[in-house]
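**Q** sharing a model prediction with you, sequence too.
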Amino acid sequence: MTKSKAPLAMMEQMVMLLVFALAAALCLQAFVKSDEMSKRSEARDRAMVLCQNVAEAMRASGLSASEAAWEAAEKLGCRYDKGTLYQEYDENWNPVEPGELGVYRLDAEGIPTELPNLQAAHVCVRRGFNAGQETETIFELEVAWQWQGVSAHD
């Protein structure tokens with residue numbers, strides 16, 4: 001009596017299908033991870049440019065840290081409140097209107113220094129600062145400049 005080889009062929013096909021499905025799942029996972037890395041890199045690049053623009057505007061003013069933040073906010077179209085320059089952005093890096101929740105937030109505020117005429121500021125961009133989310137600093141830098149000791153309001 002001869003046995004049919006059909007069940008063996010069917011098993012072979014099932015194993016090949018399983019291997020193909022696993023390979024496809026791994027490829028899909030690699031593409032998803034690559035997309036996430038690309039978005040994170042783009043966000044870091046945008047945050048870096050924003051921080052550099054604010055830092056350069058503050059440094060170029062030659063004013064005290066709070067006045068430099070105010071002047072930089074005026075020049076760059078950001079908001080200013082109580083010594084802090086800030087601006088919120090949506091997921092596409094467009095500034096959001098006051099009262100709306102953003103995905104990213106740019107902040108710049110003065111930091112104390114040991115030398116009397118040396119001014120310094122901390123500039124950073126964070127993600128996830130609204131609705132009780134855990135914040136993540138995307139990019140940050142510190143900038144320092146010489147203050148001439150003259151107020152812009154004198």
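**A** Perfect, thanks for sending it.

**Q** any idea of the mean pLDDT in stretch 47-54?
**A** For stretch 47-54, mean pLDDT rounds to 96.

**Q** go on, stretch 68-82?
**A** The average pLDDT for stretch 68-82 rounds to 94.

**Q** from the chain's centroid, how far away is it?
**A** Counting by C-alpha atoms, centre = their mean, to the nearest Å, stretch 68-82 is centred 20 Å from the centre of its parent chain.

**Q** how long is it from one end to the other?
**A** Stretch 68-82 has an end-to-end distance of 12 Å (C-alpha to C-alpha, to the nearest Å).

**Q** same check on stretch 58-66?
**A** Stretch 58-66 has an end-to-end distance of 9 Å (C-alpha to C-alpha).

**Q** Arg105: what secondary structure?
**A** Using DSSP: H, G, I helix; E, B strand; the rest coil, the secondary structure recorded for Arg105 is strand.

**Q** what's the spacing between it and Glu67?
**A** Going from Arg105 to Glu67 by C-beta to C-beta, to the nearest Å gives 22 Å. C-beta here means a position set from N, CA and C on the backbone, and glycine is covered the same way.

**Q** go on, Thr137?
**A** Distance of Thr137 to Glu67, computed by C-beta to C-beta: 26 Å.

**Q** neighbour count: those two, which is higher?
**A** Using other C-beta atoms under 10 Å as the criterion, Thr137 and Glu67 rank with Glu67 on top: 20 against 10.
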